[in-house]
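K.L.:
A predicted structure for the sequence below; I have some questions about it.
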6 protein chains.
Amino acid sequence: MRIDGRSAEQLRDVEIKTQFTKHPEGSVLITVGETKVICNASVEERVPPFMRGQNKGWITAEYAMLPRATEQRNIRESSKGKASGRTMEIQRLIGRALRAVIDLDEIGERTIWVDCDVIQADGGTRTASITGAFVAVALACRKLLDEEKITKLPIKHFIAATSVGVSKDGETILDLCYEEDSTAEVDMNIVMTDENEFVELQGTGEEATFSPSQLNDMIQLSQKGIQELFDYQRQAIGDTASLISEAKGE
Amino acid sequence: MRIDGRSAEQLRDVEIKTQFTKHPEGSVLITVGETKVICNASVEERVPPFMRGQNKGWITAEYAMLPRATEQRNIRESSKGKASGRTMEIQRLIGRALRAVIDLDEIGERTIWVDCDVIQADGGTRTASITGAFVAVALACRKLLDEEKITKLPIKHFIAATSVGVSKDGETILDLCYEEDSTAEVDMNIVMTDENEFVELQGTGEEATFSPSQLNDMIQLSQKGIQELFDYQRQAIGDTASLISEAKGE
Amino acid sequence: MRIDGRSAEQLRDVEIKTQFTKHPEGSVLITVGETKVICNASVEERVPPFMRGQNKGWITAEYAMLPRATEQRNIRESSKGKASGRTMEIQRLIGRALRAVIDLDEIGERTIWVDCDVIQADGGTRTASITGAFVAVALACRKLLDEEKITKLPIKHFIAATSVGVSKDGETILDLCYEEDSTAEVDMNIVMTDENEFVELQGTGEEATFSPSQLNDMIQLSQKGIQELFDYQRQAIGDTASLISEAKGE
Amino acid sequence: MRIDGRSAEQLRDVEIKTQFTKHPEGSVLITVGETKVICNASVEERVPPFMRGQNKGWITAEYAMLPRATEQRNIRESSKGKASGRTMEIQRLIGRALRAVIDLDEIGERTIWVDCDVIQADGGTRTASITGAFVAVALACRKLLDEEKITKLPIKHFIAATSVGVSKDGETILDLCYEEDSTAEVDMNIVMTDENEFVELQGTGEEATFSPSQLNDMIQLSQKGIQELFDYQRQAIGDTASLISEAKGE
Amino acid sequence: MRIDGRSAEQLRDVEIKTQFTKHPEGSVLITVGETKVICNASVEERVPPFMRGQNKGWITAEYAMLPRATEQRNIRESSKGKASGRTMEIQRLIGRALRAVIDLDEIGERTIWVDCDVIQADGGTRTASITGAFVAVALACRKLLDEEKITKLPIKHFIAATSVGVSKDGETILDLCYEEDSTAEVDMNIVMTDENEFVELQGTGEEATFSPSQLNDMIQLSQKGIQELFDYQRQAIGDTASLISEAKGE
Amino acid sequence: MRIDGRSAEQLRDVEIKTQFTKHPEGSVLITVGETKVICNASVEERVPPFMRGQNKGWITAEYAMLPRATEQRNIRESSKGKASGRTMEIQRLIGRALRAVIDLDEIGERTIWVDCDVIQADGGTRTASITGAFVAVALACRKLLDEEKITKLPIKHFIAATSVGVSKDGETILDLCYEEDSTAEVDMNIVMTDENEFVELQGTGEEATFSPSQLNDMIQLSQKGIQELFDYQRQAIGDTASLISEAKGE
């Protein structure tokens, strides 16, 4: 049994609250266990210089934590004058994952900015960010559709993400909380589509290694967890889910 | 009648939610109309270098907005590599206001970090931050007291803040929302104690001026509004309010 | 009697020297007691991006101190890589104050840059900067008029500024020098027009508070002091003063 | 057949030149096809602050490219004032990979700095950096051993890295050159030990996804390629290879 | 005849005003033609980390221009976030020149900070800075001597500096003003001691070259000019000049 | 006899390897004794903003050292966030020297970027950079000529550079290695054309001075050394040397 009483293959409680703040085109508060992330999608009516004139759009993500999202207060990145390597790595991951499933040709010369701001952290902030960001982007796209700025939803697949790992006791576990994560031998973050394809897969042994069979176990466990996340997402976006299916020709 | 149906001397709806996130010693979500600010107080068991060895504490504040707290998305200050002048001005104001009423000699060689993060902005974010930050600091001090790290609450007075202004129609109005603020001729922020003393008073005419009698009107109006805010604060901190009275020898 | 022998309501000696350096359109050295500030106004024949195409001008201010303007040498802000919060706060104040009385519609698509560089500091550098900067701007505008780039002086009012405070002995005093300022309970900076209206008013109790009646005393004292400053300004700008009256239709 | 005439499962030509420059404790020039990286390992006789007093060492990596290592000249990161997200991501990867196989307890309170500077880039710079960095670190450790600063080689396993991908024609290919990489549907970087365990595995579909069976194919292909890299490494470090075996108790 | 009516071998008018501001240990305003530089020497009772424990002192220089010291306003270096290459080059030159003639062993574990702030520029700001800085440092050392912090003046030689050049008409000219400098074929800055030795010599042909015989002419012309500068310096420091001679055993 | 067995007037061994990396238009590895610098010339088909529309080109240089090019590892300038004063001084020198001999009118609206990256340092890195950079630029110009983008080589003269100094024993020596340089009394860098004219001359006495006759000795010694460097350059560029002579009308 795990620290928080879960079984090895059990996700933490998930809640996805939409319309969390009023200004963004899509605004979500995602809660995964004790991890809480505000995911806002903002539509800007232009693209960055390197994309101009191509008649297609762009999606980019930024990630940050409130200074006291964690047990110890962290120095604000605006005070340090730059984002840390960890922050950059995470925001690049979120952006890539979303670009893999959004049809940039369909959103026109627009940028969707995704801001993932962690207000409370207990492990898995990057995967919760991706899962929540997908919902925020879907809602922002729905708004573009309702305003007739686009003619169909530019969403090729759902994506969601979770972590899996090998605990210090050698057990393969799903959706690690902070305490588990900080003692795990192996930590893997997996982003998948609702058609069971990988978008991104990052496995790391910090001061440890893992075998092909452990890799296999972790992948299978994550697939199970991610399927559950799609249900939470579908519920959060309501009838937008069926518009996505339609757009996919299902 | 005002844009949002209020009378000239009416505050917006106020809500002060405590224990908003789990890590900080004091954590508050303050809502003033459509403005929402997370105010977290974190206790660090040391003081900055310039305060060392004086057997007293320090309070400092940081202020930021989520990129999409506003109608238009703002560039993240960590991306720009530095805090803007506006941010610096506000965080210096919050810090000064709190230091005016907290007895630094009583908190020992500790720093209280106050983080005010605006998640939704509709005018008055700096005054909401001060009103909310006071509650967060009071709760953090209470925690120190309960843990017997200090022997009495180091709080000399309650403080709260609001804005007043002269509208473009020449009317003196209380607690301006964003739309009022952006067209007002004069804008004044006032921080007061529960003993009706000023802590800070900043009146500005951007491309306009104001007369001594207008100043007088604004001050009277603000006093009324701030008294109401003390009630919300008292309610939020519960029996900590009576411990403050005790510590003041009331 | 005060440290330097003045009475409570007495300004320090003031001198405003024009044409201090040769390149700027308006160049002033203002001396207030032992405080000396070079105030240069530079005219640039364009406006910042956010003002373009509006057929009006812009005024902005920068403020700095020579490293050894003070008793202890300060690190140069270009070495630190950024302006401090204090510097930003002051330069925003100077800019706002000037924009309140200069008719931006009348100066055409031009920027007036005001540089206030403190070469010797003994308290009141921000108020001396404003008082000197007004003269520098008036002279720069006069130059534009003489060169027939504008058709009338774009100056709606004179402005000048001073400080008032409550000393540690509880006395209300005018125009604090550094030693007085560093021990004062309350410090207030006031910017007024020659028609006795406020442009900006900033009162602060660092680790102290002040009552409405103290506020009243400070305001009255400052009005008296500022009236004297207008005389020094009028003398410095010579017949430009009467052109300002004319432009105002007096 | 591939652009450069290789078969799908063929590595490019590899050369590992040791003692490339004279100052570093370990200095390597690794060539993989047209990609050339200088990998220098420097020993510093202290650890970073967060590691002090723990009687163990630290390994950290930095990565950069000469401005004209690429087809188009890039702006120097020292001119931009900061490392890019891509640079940070890569140097964090190199550092983590090395720390997974070096016994930090055995190197004493020392830091090994690994500098990977790409002088010519043609795809796979991060994996070439890891493969070369391992050799540089092994040589630096050997030097510590020869100088009797440590008593046995602190190397738990060999590591090497390569890339695999799915080409735009759907073929699984090993060790992508730049042109292949820029058109591939999926790109995966894999770091493995000589005992066939994973250290790090990062698979990414930029605007594409991949199936579990494609993942499987890529992993098998990479294992084959990495085994060959160990031979180049063994040859480069000479009799240090047998000292590593000894230390491992083989 | 030159632009300003001087002969080829004539210096501009020089004035060295001491005690220009009140806080620095040595404070000078040097005027060379229309170039005006404030040179302040500040004594700090400690040395930088790399000098600690050696029982000797350090001298370092910083150089800046007010934004409107020049015909066109320059962006403030604190706004740009860093000193330009030109600024760095000049302040390194001033520091090296002073360290060549000050006996660092004699000043104890102290740093002398030299701040050269150009308030009006018309060519030759770096050489005027050196000439003025020497006087400021001499006065600061005299103050240390008077306060009995040191036992003799730590000054080995006087230094002064000027520029020479080859005009666009091929004439060798002394002490170039801005207009001459900007059209000159060759520009040379020379720092010499009062014993006719070189401290620093920097000759540059921007888009031009110069012959050994032109070099010779320039050197001779500069020697003549620099001798005159020593007279201005001697006059400025009064009886400190004879204390320097004494210390040198003359 | 010197540390490394050379006579006072002897250069170290020089090697200039062309086509060192494949992407740059001109790519050189220059070796002078133990100093090794990669000099890459990159042609960009546009000029910086301040040069636009003048129908002429621009040359600019950047200089850096690998962190472990030196005995002690240096912090990477991209980590420090800015180039040091030394770096800026050197890259300005390289750029000026090249601009003195390249006919900017002849290269069209193009920028030639010269990157000098020191991979191993043993004194004289800036002079080796200039000598190698000339070759890289000549080869890049040759490429432009071969591609018929220009009609004749825009090279007015060859330039090369070396250092001379006065050793601690008072001997004038040519081409100082690091150990000599760090103990020398005087250090001078000289850039000359193949017509025996000076382009740049920088002599410095750090905590020492030098006489006119020592200057004379150093200049004569440097002329001899630089002549030898021209031979290495001619050999490196092959028949481009005769095209330069032709273009000069020789």
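P.N.:
Thanks, I have it. Numbering: from 1, shown residues only, chains lettered A, B, ... in the order given.

K.L.:
and the lowest-mean-pLDDT helix or strand in chain A, how far out from the chain middle?
P.N.:
Least confident helix or strand of chain A, by mean pLDDT, DSSP states H and E, is helix A:77-80 with a mean of 82. Computed by C-alpha atoms, centre = their mean, to the nearest Å, the chain-centroid distance of helix A:77-80 equals 24 Å.

K.L.:
now check the helix or strand just after that helix, is it near chain D?
P.N.:
Per DSSP states H and E, the first helix or strand lying C-terminal to helix A:77-80 is helix A:85-101. Yes: using C-beta under 8 Å from any C-beta of the partner chain, helix A:85-101 reaches chain D at A:85-86, A:88-89, A:91-92, A:96, A:99-101. Where C-beta positions appear, they are placed from N, C-alpha and C, glycine not excepted.

K.L.:
kindly report the same for stretch A:238-250.
P.N.:
No: contact of stretch A:238-250 with chain D (C-beta under 8 Å from any C-beta) is absent, the minimum separation being 13.6 Å.

K.L.:
neighbouring contacts of that stretch?
P.N.:
For stretch A:238-250, the external contacting residues (C-beta atoms under 8 Å, 6 or more residues apart in numbering or on different chains) are A:138-139, A:142, A:145, A:152-158, A:233-234.

K.L.:
residue of chain A nearest chain E, please.
P.N.:
For chain A, the residue closest to chain E is residue A:81, as judged by C-beta to the nearest C-beta, at 9.3 Å.

K.L.:
that residue and chain C: what is the separation?
P.N.:
8 Å (C-beta to the nearest C-beta, to the nearest Å).

K.L.:
got the contact list for the residue lying closest to that residue once chain neighbours are set aside?
P.N.:
Among residues not flanking residue A:81 along the chain, residue B:81 sits closest, at 4.9 Å (C-beta to C-beta, 6 or more residues apart in numbering or on different chains). Going by C-beta under 8 Å, 6+ apart, residue B:81 touches A:81-82, D:81-82, E:81.

K.L.:
now do the helices in chain A.
P.N.:
Taking DSSP state H, the helices of chain A run over residues A:77-80, A:85-101, A:125-146, A:178-183, A:212-237, A:240-247.

K.L.:
quick one: distance of the last one to the chain centre.
P.N.:
I take that to be helix A:240-247. With C-alpha atoms, centre = their mean, you get 20 Å for helix A:240-247.

K.L.:
weakest of the helices of chain A in terms of mean pLDDT?
P.N.:
Note on the helices of chain A: lowest mean pLDDT is at helix A:77-80, with a mean of 82.

K.L.:
what's next to that helix, contact-wise?
P.N.:
Taking C-beta under 8 Å, 6+ apart as the rule, helix A:77-80 contacts A:64, A:83-84, A:87, B:62, B:64, B:76-78, B:80, B:82-83, B:87.

K.L.:
same question, stretch A:207-218
P.N.:
A:164-166, A:172, A:185-186, A:188, A:190, A:203, D:99-101, D:104, D:157, D:193, D:195-199, D:201, D:219.

K.L.:
which of the residues you listed fall within strands?
P.N.:
The strands, defined by DSSP state E, take in A:164-166, A:172, A:186, A:188, A:190, A:203, D:193, D:198-199, D:201 from these.

K.L.:
in those residues, find the pair that's most separated.
P.N.:
A:190 and D:193 (22.1 Å; C-beta to C-beta).

K.L.:
more neighbours, the two?
P.N.:
The residue with more neighbours, out of residue A:190 and residue D:193, is residue A:190; 24 against 20, by other C-beta atoms under 10 Å in any protein chain shown.

K.L.:
excluding chain neighbours, what is closest to that one?
P.N.:
residue A:222 is the one closest to residue A:190 (C-beta to C-beta, 6+ apart), at 4.3 Å.

K.L.:
wait, residue A:97 touches residue A:199, no?
P.N.:
Yes: between residue A:97 and residue A:199 there is a contact under C-beta atoms under 8 Å: 5.2 Å.

K.L.:
identify the contacts common to these two.
P.N.:
Common neighbours of residue A:97 and residue A:199 (C-beta under 8 Å, 6+ apart) are A:159, A:191.

K.L.:
got the end-to-end distance for stretch A:236-245?
P.N.:
15 Å (C-alpha to C-alpha, to the nearest Å).

K.L.:
stretch A:204-216 now?
P.N.:
14 Å.

K.L.:
likewise for stretch A:53-62?
P.N.:
24 Å.

K.L.:
quick one: is it near chain B?
P.N.:
Yes: using C-beta under 8 Å from any C-beta, stretch A:53-62 reaches chain B at residue A:62.

K.L.:
what comes up buried for that stretch?
P.N.:
A:56-62 (16 or more other C-beta atoms under 10 Å in any protein chain shown).

K.L.:
now stretch A:148-166
P.N.:
Buried positions in stretch A:148-166, judged by neighbour count with 16+ other C-beta under 10 Å: A:150, A:153-166.

K.L.:
ok, so of those residues, who is nearest chain F?
P.N.:
Of those, the one sitting nearest to chain F (C-beta to the nearest C-beta) turns out to be residue A:163, at 30.1 Å.

K.L.:
tell me the bridge partners for that closest one.
P.N.:
Residues in a beta bridge with residue A:163, per DSSP bridges, are residue A:189.

K.L.:
no further questions, thank you.
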